[in-house]
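> Generate coordinates for the sequence data below:
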Amino acid sequence: MNSDFAASFNRSPDWKWKRAQSIVSGSGPAATPFWDTENGCQWIRRAEAFLQSLAREEDPVINNELIIMYGDIYTAWSIYTDTSSNYRFELEGMILARVEREELAVRIDIPIAAITAFEELFFDVRGKLESESYILNYVIGPDIQRLKESNVGALWKLFGYYQGPEVLRAVISRTVNPTFAMTPDAVGARLNEDIAGSFKISCAIAAKKAGGGNMADRQLLQLFAKVMEVDKMEDLSSGSSKGQIAEHIQAMLGTLGLSVGGIPKTNPLSDYKHKPVEPQFHELVSLTLTGEAESLKEAADFKFPIPTNRGLPTAKD
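Below you'll find the predicted structure:
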């Protein structure tokens, strides 16, 4: 079935744009409300006029009507045809993550009218977000079954559609919950948290690749699986369980021949064995990979203040 019509089960996200192109080239029928819906017909006709103007002169400095009459379409078209960045893929991923147009306009700093034009002409999917099969097969497409690191568009769309905007932001920036280190003393803890967050993102991306990715990806997933396996040993004492996790991570890193900032020679949790602290996941990974975890050290050194006499009566009184 032709994928360039409104009612097609396999409708392409840019079906209106393709309809306009076919009309301008003379290979397609004119737009009508019956075939293209009222809204679709209006956008197709505007796109036709834009394409004809673009054919006369592509430079908006010379051809002012590209900006004056079709500014929203020109901006959307510029994003759609931009191959020098991943700007388009981020926008498409955020749309699949159900981010509203007003928020998108603020996030990527373009007018709402341009966001609307992009969705209408180049990524018309918002009305079909509940149709999972359609999104998987005709929006993300078959690349989902053979994902690679370079397949940014499909990867970001997949994370956006299923995990939401916050996870997508983390995948795009390779940073989990970014926060500023406001003092020099906070730098170490912030970097340790960033290492653990980046580790999780890398594992999540590797897990989406066909066959677990390349050798490095599979080694990373083996390390993560071992960490999670031991982390769930709740039948052991906290000290013993966390100690085994650290030992397993060390053994795994040694077996895989990986080196991250110098792996500690001794068990990094030995200093905390008799202290009332329970390392969190990011602290555990940081301890094992770097031998340090500032946030855990601060928690271990915490002491309750000594109570003072507030003037209450004593036995002597």
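
> The closest residue to residue 172 other than its chain neighbours: what's it in contact with?
Take residue 172 and drop its neighbours on the chain: the residue closest to it by CB to CB, 6 or more residues apart in numbering is residue 90, 6.0 Å away. From N, CA and C alone the C-beta is placed, and that goes for glycine too. Residues counted as contacts of residue 90 (CB atoms under 8 Å, 6 or more residues apart in numbering) are 108, 156, 172.

> Would you tell me what helix or strand the spatially most central residue of the chain is located in?
Centroid-nearest residue in the chain: residue 168, 1.9 Å away (criterion: CA atoms, centre = their mean). Taking DSSP states H and E as the criterion, residue 168 maps to helix 165-173.

> buried ones in that helix?
165, 167-172 (16 or more other CB atoms under 10 Å).

> and the residue nearest to residue 172, helix, strand or coil?
Classification of residue 90 by DSSP: H, G, I helix; E, B strand; the rest coil places it in helix.

> mind checking how far residue 48 is from residue 94?
28 Å (CB to CB, to the nearest Å).

> Of the two, give the one with the bigger neighbour count.
Neighbour totals were compared for residue 48 and residue 94, and residue 94 leads with 23 against 18 (other CB atoms under 10 Å).

> Quick check: which helices or strands does the lengthiest helix in the chain pack against?
For the chain, the longest helix by residue count, based on DSSP state H, is helix 187-208. Counting contacts by 3 or more CB pairs under 8 Å, 6 or more residues apart in numbering; DSSP states H and E, helix 187-208 packs against helix 152-163, helix 165-173, helix 215-231, helix 281-290, helix 294-300.

> Can you classify the closest residue to residue 37 other than its chain neighbours by secondary structure?
Computed as CB to CB, 6+ apart, the closest residue to residue 37 that is not its neighbour in sequence is residue 6, at 5.1 Å. Secondary structure, three-state DSSP: residue 6 is coil.

> how far away is residue 6 from residue 217?
41 Å.

> more neighbours, those two?
Applying other CB under 10 Å to residue 6 and residue 217 shows that residue 217 carries more neighbours, namely 19 against 16.

> Could you double-check that the more buried one sits in contact with residue 206?
Yes - Residue 217 is within contact range of residue 206, at 3.8 Å (criterion: CB atoms under 8 Å).

> give the contact list for the residue nearest to residue 153 when sequence neighbours are not counted.
Leaving aside its sequence neighbours, residue 153 sits nearest to residue 89 (CB to CB, 6+ apart; 4.4 Å). Counting by CB under 8 Å, 6+ apart, residue 89 touches 152-153, 156-157.

> One more pass at 6 Å, please.
152-153, 156 (CB atoms under 6 Å, 6 or more residues apart in numbering).

> Likewise for residue 203?
220, 224.

> now do residue 123
With CB under 6 Å, 6+ apart, residue 123 has these contacts: 13, 92, 95.

> Need the residues you listed in JSON lines (columns: distance to residue 70).
Output for the contacts of residue 123, formatted as JSON lines (distance: CB to CB, whole Å):
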{"residue": "13", "distance to residue 70": "20"}
{"residue": "92", "distance to residue 70": "21"}
{"residue": "95", "distance to residue 70": "21"}
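
> Now list the buried members of those residues.
By neighbour count, with 16+ other CB under 10 Å, those hold 13, 92, 95 as buried.

> and the residue nearest to the first one when sequence neighbours are not counted, what helix or strand is that in?
Pointing back at residue 13 there. Spatial nearest neighbour of residue 13, excluding adjacent residues (CB to CB, 6+ apart): residue 123 at 4.8 Å. According to DSSP H and E, residue 123 maps onto no helix or strand at all.
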